[in-house]
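Novice: make a model of this:
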Amino acid sequence: MRFAVTLALLLLVVSLSAARSHETVNQSGSLPPWQQASPWPDRIVVTFAGDPARSIAANWRTDASVPIAFAEIARATPDARFDLSARRETARTEPVDLATVRAASELLDIVANRGLKPVHYHSVLFTGLEPDTLYAYRVSGGDGKWSEWFQVRTAPLSGPVTFLYLGDAQNGILSHWARTIRAAYAAAPDARFIIHAGDLVDQASRDYEWAQWFKAVGFIHGMVPAVPVAGNHEYFRPGVDPADSQRLLSILWRPQFTLPVTEGLPDILRETVYRVRYSNEVEIFVLDTQGGEIALQASWLDGALARSTARWRVATFHHPIFSSGRDRDNKERRDALLPILQKHDVDLVLQGHDHTYARGAATQTPERIAAPRRGGQGVGVMFVNSVSGAKQYEWSEGRWANYAEHGVTLDRAGENTQFFQTIRIEGGTLTYRALTAGGALYDTFTIEKSQDGRKRLIDGRASTIDERTFTNTAPYPGTTGLND
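Specialist: Numbering: from 1, shown residues only. Below you'll find the model as predicted:
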């Protein structure tokens, strides 16, 4: 009886939400054509699961009529029939039945995933590749049903690296976020990978939202590897009563993304805590600040940074060390992670969650000054919070003055704006640029680093547009209509 009442209430919520949403399943109740699985491969994405200079992973989806799938790869030579030299790999296939998912914290999932048929996710790890080499690959569905050939370049052993970073997509993914990810690709078509700093979707296991994410991305992640970060909205509570269940990672996370498995960490952090060494220039350290075991993650990060020989080190996770959203703070995570980040003089920390823009540095610490490789010249660790989707929050009162004890200074803030960021590393120079979805430069700085690790900040704020706030931008009606 209790379940029946709960389900009736959920149905009411669904109907009310659908009535006010401009982005919902069509009124006949059928799935949009770009969500339905078929014997043809879709949702194709490349990621890093090994050495990026010598391997690349690909994932894709079909319906359950495809028990075995294949992938082919060849050097992308100028020859029209480059494919004649392709080698074939048999994919790993994993069945997923989303109709069985019951998520108490995701009111729409009980209904939205009902009626979905089981699907198959396929993955392959191409190995034995050559560094800094352009490859073409394609993936199969049913008999004779192949994708187009995608091109992807392996990492160089050294040399310049450009990559993109986006904060939360989360809401209005197809209607509003699509313009941001596509503008980002247009601004940096030479980007070698894209960091998504958590909350890629709003409801972790709701297939409709992931369908929007892949449609918004289009071909981009078939060619540019994704470095996804798990946010709080990548987690859900199974069961009807949220008090009776612990948050679990989206049922779609691991089937959709093949990511490094870090030894020594518990299984709950598998493929959510990992590192990517991209050439000799940069190493990316990915944490899961929703998945728990923060002290254990901090210990792993400490050891991984101590062993890193990359010239530039970037950490990325979802919950900000210094919160910018109103009535938000992440003290437990800050207490565990900030000392490690400062101890190792991490160059850049990329975050999301607060649906505002914030950028500033925390000053050097005695522990960091004493480090033999990293002296610093007042640059400190640079922290960024950003948002790429349409859901926006107000800044907290006092801004980062609340964190003065940690020596952090806010250099640039923003509200009510969708952003993407380009980051270019070339030898001893890191250039950061934050741009609006329309391509306007909003924030920029350059860090120059000598061989002994000493850094100099060149701040370019004066060349950008005025600070954007809720008081000087277009009216923001809230998230009504953005929740799918």
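
Novice: C-alpha from now on. contacts and neighbour counts both.
Specialist: Will do.

Novice: where does pLDDT dip in this structure?
Specialist: 1-29, 102-112, 114, 239-245, 364-378, 461-463, 479-484 (pLDDT under 70).

Novice: domain map for it?
Specialist: Following automatic domain parsing, one gets these domains for the chain: 31-152, 157-463.

Novice: how about the ones you listed in JSON lines, adding distance to T471 and mean neighbour count?
Specialist: Listed next are the domains of the chain as JSON lines, based on distance: least, C-alpha to C-alpha, whole Å; neighbours: other C-alpha atoms under 10 Å:
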{"stretch": "domain 31-152", "distance to T471": "33", "mean neighbour count": "19"}
{"stretch": "domain 157-463", "distance to T471": "9", "mean neighbour count": "20"}
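
Novice: just send the ones you listed back as TSV, with distance to T469 too.
Specialist: Output for the domains of the chain, formatted as TSV (distance: least, C-alpha to C-alpha, whole Å):
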stretch	distance to T469
domain 31-152	31
domain 157-463	5
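
Novice: for Y476, which of the ones you listed is the nearest?
Specialist: Across these, Y476 has its closest neighbour in domain 157-463 (7.3 Å, C-alpha to C-alpha).

Novice: straight-line length of stretch 127-139, end to end?
Specialist: One end of stretch 127-139 to the other measures 16 Å (C-alpha to C-alpha, to the nearest Å).

Novice: and the contacts of that stretch?
Specialist: Here stretch 127-139 makes contact (C-alpha atoms under 8 Å, 6 or more residues apart in numbering) with 41, 53-56, 60, 69-77, 146-157.

Novice: how does it look with 6 Å?
Specialist: With contact meaning C-alpha atoms under 6 Å, 6 or more residues apart in numbering, stretch 127-139 is reached by 53-55, 70-76, 146-156.

Novice: hang on, the earlier thing: out of the domains of the chain, flag the one nearest P477.
Specialist: domain 157-463 (10.0 Å).

Novice: next one: the closest one to chain centre, how far?
Specialist: Relative to the centre of its chain, domain 157-463 is centred 8 Å away, using C-alpha atoms, centre = their mean, to the nearest Å.

Novice: ok, which stretches of the stretch 301-450 of the chain are strands?
Specialist: 312-316, 348-351, 357-362, 381-385, 408-414, 419-426, 429-436, 441-449 (DSSP state E, counting those that start in this stretch).

Novice: out of the ones you listed, which is closest to L125?
Specialist: The nearest among the strands of the stretch 301-450 of the chain, by C-alpha to C-alpha, is strand 312-316 at 23.9 Å.

Novice: name the helices or strands packed onto the closest one?
Specialist: strand 282-286, strand 348-351 (3 or more C-alpha pairs under 6 Å, 6 or more residues apart in numbering; DSSP states H and E).

Novice: that one versus strand 429-436: what angle between them?
Specialist: 30 degrees (axes from the mean of the first three to the mean of the last three C-alpha atoms, to 10 degrees).

Novice: neighbouring strands of strand 312-316 in the sheet, and parallel or not?
Specialist: strand 282-286 (parallel), strand 348-351 (parallel) (DSSP bridges).

Novice: so for S450, which of these sits nearest?
Specialist: Going by C-alpha to C-alpha, the one of those nearest S450 is strand 282-286, 14.8 Å.

Novice: give me the beta-bridge partners of the spatially most central residue of the chain?
Specialist: Nearest to the mean C-alpha position of the chain, by C-alpha atoms, centre = their mean, lies H196 at 1.8 Å. Note on H196: beta-bridge partners by DSSP bridges are L166, P228.

Novice: reduced to three states, what does P189 come out as?
Specialist: In three-state terms, and counting by DSSP: H, G, I helix; E, B strand; the rest coil, P189 is coil.

Novice: revised request: answer the last question for W300.
Specialist: At W300 the chain is in helix, as set by three-state DSSP.

Novice: gap between it and Y185?
Specialist: Distance from W300 to Y185, by C-alpha to C-alpha: 33 Å.

Novice: do D63 as well
Specialist: Taken as C-alpha to C-alpha, the span from D63 to Y185 is 29 Å.

Novice: I'd like to know which of the strands of the stretch 301-450 of the chain lies nearest to I284.
Specialist: Closest among the strands of the stretch 301-450 of the chain, using C-alpha to C-alpha: strand 312-316, at 4.9 Å.

Novice: can you tell me what sits against the closest one?
Specialist: E281, V282, E283, I284, F285, V286, V346, D347, L348, V349, L350, Q351.

Novice: show me the contacts for the fourth one.
Specialist: Counting by C-alpha under 6 Å, 6+ apart, I284 makes contact with R275, V276, V314, A315.

Novice: what sits against the residue lying closest to D459 once chain neighbours are set aside?
Specialist: Counting by C-alpha to C-alpha, 6 or more residues apart in numbering, D459 lies nearest to F445, which is 4.5 Å off, once chain neighbours are set aside. Neighbour list for F445: Y432, I458, D459, G460 [criterion: C-alpha under 6 Å, 6+ apart].
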